[in-house]
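Undergrad: any chance you could fold what I've pasted below:
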Amino acid sequence: MTAPQPPASAPLGQPLYGATFGDAIRRFFKKYADFTGRASRSEFWWWFLFAIIIGAVYGILLQTLGTIGNGGRGLGPFGWLLIVVYIVWDLVILVPSLALSWRRLHDANLAGPLWFLGFIPLVGWIIVLVFYLMPSKPEGARFDRR
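TA: Numbers count the residues shown, from 1 in each chain. Predicted coordinates:
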C-alpha cells in the first residue's frame, strides 16, 4: 500500500502542504498581496530558494557582465541596467514576500505582525527564522478567510 499523496492543488485560501517548486512560485504570484490565510512550509521555503537562485544569478551576471562598455573600470552601462532591473524585481516581490511570510506565521498559529521582530538585528532574525521553521498547527485555521 502506498502512502497518501498530497493534493495536486488546494484552494488559494488554504495552505498547499507538499507544494512543489512550481506550485509554490505560481501561488506566490497568485496570492500577490493576500495577508489572510496560511502558507505551508513547502510554499514558503520553495519561494525562498527561488529568490536565492534569482539573487545568485543576478550577482553572477553583475560580476561577469557589469563592466561591459566601461573598459573593465567600474560599472558600465550594462551593469547599471542590471542594477535597475534588480531594483525593479525587488520592488515587485516586496509586498508578496511580506504577505507570504505573514501567511507562514499564520500557519504556525502565530500573528503576522511578529514578522516585525526581524527588524531587531540578529536576535530578531533568529527568532523569525525559528518561527518560519515551526510546523503547521491546525489552530492556525483561525487566520483563514471566513
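
Undergrad: and the residue nearest to Leu16 when sequence neighbours are not counted, how many neighbours does it have?
TA: Computed as C-beta to C-beta, 6 or more residues apart in numbering, the closest residue to Leu16 that is not its neighbour in sequence is Ala10, at 4.5 Å. Glycine gets a C-beta too; all of them are placed from N, C-alpha and C. The number of residues packed near Ala10 is 17, by other C-beta atoms under 10 Å.

Undergrad: again with the one 4 residues further on
TA: Here the neighbour count serves as a burial measure; for Gln14 (other C-beta under 10 Å) it reads 16.

Undergrad: rewinding a little: from Trp89, how far out is the residue nearest to Leu16?
TA: Distance from Ala10 to Trp89, counting by C-beta to C-beta, to the nearest Å: 27 Å.

Undergrad: same check, this time on Ile53
TA: Look at Ile53 and Trp89: by C-beta to C-beta, they are 12 Å apart.

Undergrad: which of these two has more residues huddled nearby?
TA: More crowded of Ile53 and Trp89, by other C-beta under 10 Å: Trp89, with 14 against 10.

Undergrad: ok, the more buried one - contacts?
TA: Neighbouring residues of Trp89 by C-beta atoms under 8 Å, 6 or more residues apart in numbering: 54, 58.
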